[in-house]
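Trainee: predicted model and sequence follow; I will ask about them next.
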Amino acid sequence: MKSIQDYAILHNGVKMPWLGLGVYKVKNGDEVINAVKTALEAGYRHVDTAAFYDNEEGVGQAIKESGVPREQIFITTKVWNSDQGYETTLKAFETSLKKIGLDYIDLYLVHWPVKGKYKETYKALEKLYKDGLVRAIGVSNFHIHHLEDLMAECEIKPMVNQVEYHPRLTQKELHAFCKQHHIQLEAWAPLMRGGLSDEPTLLEIGKKYGKSPAQIILRWDLQHEVVTIPKSVTPHRIKENADIFDFELTAEEMEKIDALNMNKRIGPDPDNFDF
């Protein structure tokens, strides 16, 4: 990965940029519009939102105002838990599409594996995909057993699994399973919401390259072939997060960062969430 224009190729041939902007907890209106426009000006071509984030309108507005051609931007959104089920998912998608103000979405995800519902939800995603309203479909927060359960019945294998992933939670078995099945792993909360900014290992490696711990983590993600979507609303941070293509971590440094794993989550466990 030599530049911000580099992309992963999903199993259906769709190109997904390795680096994107996440907009979880970014306020709709000026805050999200400015963040997305700053990211697009800095060369990002991938924005990750969700119905639950309540800022799809702002994301759509920013895309329109940016002047960047629509086909150059990769947009992800997700169906929320209370909308899961076949018909309700189709309706939720229609709402998201209207809010964003686009003709199609690049990637639509099942936000969480809601028990007894996610398979019906995913069937709706398959329909949207066949109808050409989405270019790729996938899941978020799925463990191996959720994926196996889904893949035993689905027609179209998920193209992406977006999960909590950072040096304290490396999810090695899940990553290996996804690789084996050509499902692209994507990291949310890659920077552990700032929880690793004073981690000595990252500071030490960062010193060598003149990079921040955040930049070291994001580079580590990319070298593990994990798509990553750091969130920020601060212009200089948005730009800094993209400044990770002028150096490469050694195999030894990658292993040192891998060794920080503690199987520690900052978000809910997908087997035990309550919302």
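Mentor: All right, it came through fine.
Trainee: identify the residues contacting I75.
Mentor: 46-47, 49, 59, 63, 100, 102, 105-107 (C-beta atoms under 8 Å, 6 or more residues apart in numbering). C-beta coordinates here come from the backbone N, C-alpha and C atoms, glycine included.
Trainee: beta partners for it?
Mentor: Using DSSP bridges, the beta-bridge partners of I75 come out as V47.
Trainee: ok, now how distant is T201 from F74?
Mentor: Look at T201 and F74: by C-beta to C-beta, to the nearest Å, they are 32 Å apart.
Trainee: please identify which of the two sits among more neighbours.
Mentor: Neighbour count, other C-beta atoms under 10 Å: between T201 and F74, F74 has more, with 22 against 16.
Trainee: quick one: the strands in this structure?
Mentor: For the chain, the strands defined by DSSP state E occupy 7-9, 15-17, 21-22, 46-48, 74-79, 105-110, 134-140, 160-164, 184-188, 227-228.
Trainee: can you put the ones you listed in TSV and add distance to M1 and mean pLDDT?
Mentor: TSV is the format used below for those (distance: least, C-beta to C-beta, whole Å; pLDDT from 0 to 100):
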stretch	distance to M1	mean pLDDT
strand 7-9	9	98
strand 15-17	10	98
strand 21-22	17	97
strand 46-48	13	97
strand 74-79	15	98
strand 105-110	19	98
strand 134-140	20	98
strand 160-164	17	98
strand 184-188	14	98
strand 227-228	11	98
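Trainee: looking at those, which is closest to E120?
Mentor: With C-beta to C-beta as the criterion, E120 lies closest to strand 105-110 of the strands of the chain, at 10.1 Å.
Trainee: got the CA coordinates for the closest one in PDB?
Mentor: Output of strand 105-110 as PDB, limited to C-alpha atoms (Å, rounded to 0.1, in the frame of the first residue of the first chain):
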ATOM      1  CA  ILE A 105     -24.600   2.700  -1.900                       C
ATOM      2  CA  ASP A 106     -21.200   1.000  -2.300                       C
ATOM      3  CA  LEU A 107     -21.400  -1.200   0.800                       C
ATOM      4  CA  TYR A 108     -24.400  -2.100   3.000                       C
ATOM      5  CA  LEU A 109     -23.800  -3.900   6.200                       C
ATOM      6  CA  VAL A 110     -25.900  -5.800   8.800                       C
END
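Trainee: so which elements touch it?
Mentor: When contacts are defined as 3 or more C-beta pairs under 8 Å, 6 or more residues apart in numbering; DSSP states H and E, strand 105-110 sits against strand 74-79, helix 86-100, helix 118-130, strand 134-140, strand 160-164.
Trainee: with distance to V233 added, can I get these in JSON lines?
Mentor: As requested, those are arranged in JSON lines below (distance: least, C-beta to C-beta, whole Å):
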{"stretch": "strand 74-79", "distance to V233": "18"}
{"stretch": "helix 86-100", "distance to V233": "19"}
{"stretch": "helix 118-130", "distance to V233": "29"}
{"stretch": "strand 134-140", "distance to V233": "22"}
{"stretch": "strand 160-164", "distance to V233": "20"}
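Trainee: pull up the distance across stretch 3-12, start to finish.
Mentor: The separation between the terminal residues of stretch 3-12, taken as C-alpha to C-alpha, to the nearest Å, is 23 Å.
Trainee: I should have written stretch 6-24 there, sorry.
Mentor: End-to-end distance for stretch 6-24, by C-alpha to C-alpha: 23 Å.
Trainee: now do the buried residues in that stretch.
Mentor: By neighbour count on 16 or more other C-beta atoms under 10 Å, the buried set for stretch 6-24 is 7-8, 10, 14, 16-23.
Trainee: what about G101, how many residues nearby?
Mentor: Residues lying near G101 (other C-beta under 10 Å) number 13.
Trainee: grab the nearest non-local neighbour of it.
Mentor: Spatial nearest neighbour of G101, excluding adjacent residues (C-beta to C-beta, 6 or more residues apart in numbering): G60 at 4.0 Å.
Trainee: ok, now which ones touch that neighbour?
Mentor: So G60 contacts 99-102 (C-beta under 8 Å, 6+ apart).
Trainee: emit the ChimeraX select command for whichever of the residues you listed are buried.
Mentor: Here is the ChimeraX command that selects the buried residues among the contacts of G60 (16+ other C-beta under 10 Å):
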select :99,100,102
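Trainee: residue furthest from the geometric center of this protein?
Mentor: K208 (28.5 Å; C-alpha atoms, centre = their mean).
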